[in-house]
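Q: Please work out how this folds:
(one chain, ligands or ions: 1)
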Amino acid sequence: MTSTAEKPAVQTLTHWLSGGPAEGTSGRTGPVYNPATGEVQALVPLASRAEVDRAVELATAAARTWRAAPLGKRAEVLFRFRDLLDRNREELARILTREHGKVHADALGEIARGIENVEYACGVPNLLKGGYSEQVSSGVDVYSIQQPLGVVAGITPFNFPAMVPLWMLANALACGNAFILKPSEKDPSASLFLAELLREAGLPDGVFSVVHGDKEAVDALLEHPGIAAVSFVGSTPIARNIYEKGTAHGKRVQALGGAKNHMLVLPDADVGMAADAAVSAAYGSAGERCMAISVLVAVGGVGDALVSAIQERLPALKVGPGDQPGNEMGPLITREHRDRVAGYIESAAKQGATVVVDGREQPFDGDGFFLGVSLLDHVTPEMEAYQDEIFGPVLCVVRANSYDEGLKFINENPYGNGTAIFTRDGGAARRFQFEVEVGMVGINVPIPVPVAYYSFGGWKASLFGDSHMYGPEGIKFYTRAKVVTSRWPDPASSRVDLGFPQNR
Ligand code: NAD
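A: Take a look at the predicted model:
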């Protein structure tokens, strides 16, 4: 951390309040790196508690008018926002690559999946339709309505700086809430770009705010009585803490955590197809995806052929700066994270794993946070590389003698975000779907991120709270139900009746 008093040579970013940029006043900033060069390219202001209080105050006032905006008007803003996102894909992708490091094509993929959520939210007039029961008693009707919560907050991770905010904000705004986003301080510019597009789309000032920050800002949001609900996506220890603190302060909280996603490959699987899928899902985005495959469970005799097929594919992968055409994998997010990931290769080797491919051996020019891809075989559950979420381009292969033994690895793992099975046997796949204790399952699909009209969420230590994100559960999360019982009797029939109301 540096003090702004040191007159940084790089640009200092702003928060976004009342429909425009707002300079930070805390005096604290954090560095924003270009991971491909290792240079600090901007400073991000880190909000104080007082700045969070101000953001909540502004959002509270804006929420009062936004909840009264007709559904058609809210949908209109979202349709325009969708159109602006579509037209600005390239520019947004460049922002993602510059601060996150992911390659351009991958950034476009993230944006496409984010746009899906806006498209879903455009259907808000349909999504918020309630139920109506006529004549529940003589002359009495009952109906349910979904109302917004007020001011809600989203706290997002570095690895999807556009998509994860869109998972949250599209539905939150559609439902009539004001939304305060606290993005990752590692790649904060995408959120400011989204704010500009929302303004251009006609969202009234103050309905969407961006407050940058670290633990201080997050704690202030969690403790603020003016925030009704918090959506969080990030690592498991922080997710657990957010859930506990947010609910202790009376808030509705959905906190999505980390992962250790296993891909089970049965002996009858097509080895080439399974190898292609494993390589794509393990090393795409440098393994910094919560749905990345990090453990391959090879069942029966398939292990040796699979490891060879994966190994064969690795020399062809092009690792380098994300803005250079042809590169397939970029750098890691920070130097510390790169070194931490490299440490798992070291520890796995010491603990008895076979290092088939060592990413540390690939040379890179410059000071970017690059690490080549690694493949570890004969990994066992006691090893650190198996136990921890590595969140880097390291694929661990464990061997299982049977389907049951393979399934046990998955079900005994503390995480339960995503998993996949590769087989040509429909019966085995159906059994896996029934038995596996994981929230999102792929059958010959290595990264089964649900489309926007379903909901996204893991089980066990991958999600705290009972609500999955986006889709129907997102709409439910950002609204509360009200049930109205109504009658219009003739006053002449009125009488006192102390009995409990019954259906007559
Ligand atoms: P992180 O937990 O370090 O940070 C997430 C957010 O929490 C950021 O906004 C950060 O500023 C804030 N934060 C960090 N430390 C905090 C603290 N002590 N108190 C309060 N707030 C704090 O996660 P990350 O490194 O940005 O993202 C990677 C992690 O996110 C991985 O574990 C990955 O699996 C997970 N993730 C999960 C999903 C999912 O859907 N389950 C999706 C994407 C990423």
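Q: Near the ligand, which residues of the stretch 251-400 of the chain? Just list them.
A: By CB under 6 Å from any ligand atom, the part of the stretch 251-400 of the chain that sits against the ligand consists of L256, G257, G258, A259, C290, E389, F391. Using the backbone N, CA and C atoms, a C-beta is placed for each residue, glycine as well.
Q: Local confidence estimate at the second one?
A: Per-residue confidence at G257 stands at 98 (pLDDT).
Q: gap between S280 and A292?
A: Distance, S280 to A292, using CB to CB, to the nearest Å: 10 Å.
Q: Got the phi and psi for R495?
A: Note on R495: backbone dihedrals following degrees, to the nearest 10 are phi -150, psi 160.
Q: The nearest residue in space to K186 that is not next to it in sequence and the ligand: what is the separation?
A: Closest residue to K186 apart from its sequence neighbours, by CB to CB, 6 or more residues apart in numbering: F158 at 4.1 Å. As judged by CB to the nearest ligand atom, to the nearest Å, F158 and the ligand stand 4 Å apart.
Q: One more: F193?
A: Counting by CB to the nearest ligand atom, the separation of F193 from the ligand is 17 Å.
Q: Surely that residue forms part of a strand?
A: No: counting by DSSP: H, G, I helix; E, B strand; the rest coil, F193 falls outside a strand, being helix.
Q: before we move on, the earlier item: touching, the residue nearest to K186 and H100? I think so.
A: Yes: F158 lies in contact with H100 (CB atoms under 8 Å); the separation is 6.6 Å.
Q: more neighbours, the two?
A: In terms of neighbours (other CB atoms under 10 Å), H100 is the more surrounded of F158 and H100; the figures are 32 against 20.
Q: And that one, what's its pLDDT?
A: Model confidence at H100 (pLDDT) stands at 98.
Q: Might you enumerate the residues of the stretch 401-504 of the chain proximal to the ligand?
A: So far as CB under 6 Å from any ligand atom goes, the stretch 401-504 of the chain lies against the ligand at N417, G458, S462.
Q: can you pull the pLDDT of the second one?
A: With respect to pLDDT, G458 scores 98.
Q: repeat for the one 3 residues further on
A: We have a pLDDT of 98 for A461.
Q: Identify the residue nearest A277 in space, chain neighbours excluded?
A: Counting by CB to CB, 6+ apart, A277 lies nearest to P446, which is 4.2 Å off, once chain neighbours are set aside.
Q: just D106 next, same as before
A: S285 is the one closest to D106 (CB to CB, 6+ apart), at 5.4 Å.
Q: A helix includes the one you found, no?
A: Yes: read with three-state DSSP, S285 is one of the residues of a helix.
Q: My understanding was that it contacts N159; is that so?
A: Yes: the criterion here is CB under 8 Å, and S285 meets it with N159 at 7.1 Å.
Q: Could I get the phi/psi values of G176?
A: Residue torsions, per degrees, to the nearest 10, at G176 are phi 100, psi 20.
Q: Numbering from 33 from now on, please.
A: Shifting the count to begin at 33 puts that one at G208.
Q: what's the neighbour count on it?
A: Neighbourhood size, G208 [other CB under 10 Å]: 23.
Q: ok now do it, which residues does it touch?
A: A95, W98, R99, A101, R106, Q179, P180 (CB atoms under 8 Å, 6 or more residues apart in numbering).
Q: ok, 10 Å please
A: By CB atoms under 10 Å, 6 or more residues apart in numbering, the contact set of G208 is 95, 98-101, 103, 106, 156, 160, 178-182, 239, 510-511.
Q: For ChimeraX, what selects the buried ones among those?
A: Entered in ChimeraX, the line below selects the buried ones among those, by 16 or more other CB atoms under 10 Å:
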select :95,98,99,101,103,106,156,160,178,180,181,182,239,510,511
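Q: At which residues are the strands of the stretch 383-532 of the chain located?
A: Using DSSP state E, counting those that start in this stretch, the strands of the stretch 383-532 of the chain run over residues 386-389, 406-409, 426-432, 447-448, 450-454, 472-475, 491-492, 495-496, 511-519.
Q: if you compare the ones you listed, which one is most tucked away?
A: strand 450-454 (a mean of 29; mean count of other CB atoms under 10 Å).
Q: for the record, mean pLDDT for that strand?
A: What strand 450-454 shows for mean pLDDT is 98.
Q: Name every strand pairing with the helix or strand in which L328 is found and say which way it goes.
A: Assessed by DSSP states H and E, L328 sits inside strand 325-331. Here strand 325-331 is paired, per DSSP bridges, with strand 293-297 (parallel), strand 426-432 (parallel).
Q: okay if I get these as CSV plus distance to D118 and mean pLDDT?
A: Listed next are the strands paired with strand 325-331 as CSV, based on distance: least, CB to CB, whole Å; pLDDT from 0 to 100:
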stretch, distance to D118, mean pLDDT
strand 293-297, 30, 98
strand 426-432, 34, 98
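Q: Mind putting these into CSV with distance to G471?
A: CSV is the format used below for the strands paired with strand 325-331 (distance: least, CB to CB, whole Å):
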stretch, distance to G471
strand 293-297, 11
strand 426-432, 21
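Q: do you know which of those lies nearest D529?
A: Closest to D529 of the strands paired with strand 325-331, according to CB to CB: strand 293-297, at 60.3 Å.
Q: ok now that closest one, how far from the chain's centre?
A: The chain centroid and the centroid of strand 293-297 are separated by 21 Å under CA atoms, centre = their mean, to the nearest Å.
Q: cool, stretch 88-105 as well?
A: 25 Å.
Q: List the residues that contact the residue lying closest to I325 once chain neighbours are set aside.
A: Leaving aside its chain neighbours, I325 sits nearest to A313 (3.9 Å; criterion: CB to CB, 6+ apart). By CB under 10 Å, 6+ apart, the residues touching A313 are 293, 295, 319, 321, 323-326, 328, 427, 450, 452, 474, 477-480.
Q: Just the buried ones from those residues, in PyMOL syntax?
A: Buried members of the contacts of A313, defined by 16+ other CB under 10 Å, are picked up in PyMOL with:
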select buried, resi 293+295+319+321+323+324+325+326+328+427+450+452+474+478+479+480
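Q: quick one on the thing from earlier: separation between the residue nearest to A309 and H294?
A: Distance from P478 to H294, by CB to CB: 11 Å.
Q: and what of G245?
A: On the measure of CB to CB, G245 and H294 end up 35 Å apart.
Q: just E360 next, same as before
A: Distance from E360 to H294, counting by CB to CB: 23 Å.
Q: Mind listing what's buried along the helix or strand hosting L124?
A: L124 belongs to helix 121-132 when assigned by DSSP H and E. Within helix 121-132, the residues scored as buried using 16+ other CB under 10 Å are R121, L124, A125, I127, L128, T129, R130, E131, H132.
Q: Can you pick out the most distant pair from those residues?
A: So, the buried residues of helix 121-132 by CB to CB: farthest apart are R121 and E131, at 16.5 Å.
Q: and the stretch 83-232 of the chain, which residues reach the ligand?
A: Proximity of the stretch 83-232 of the chain to the ligand (CB under 6 Å from any ligand atom) is limited to residues I187, T188, P189, F190, N191, F192, V196, K214, S216, E217.
Q: among the residues you listed, which ones are buried?
A: If we count by 16+ other CB under 10 Å, these have these buried: I187, T188, P189, F190, N191, F192, V196, K214, S216, E217.
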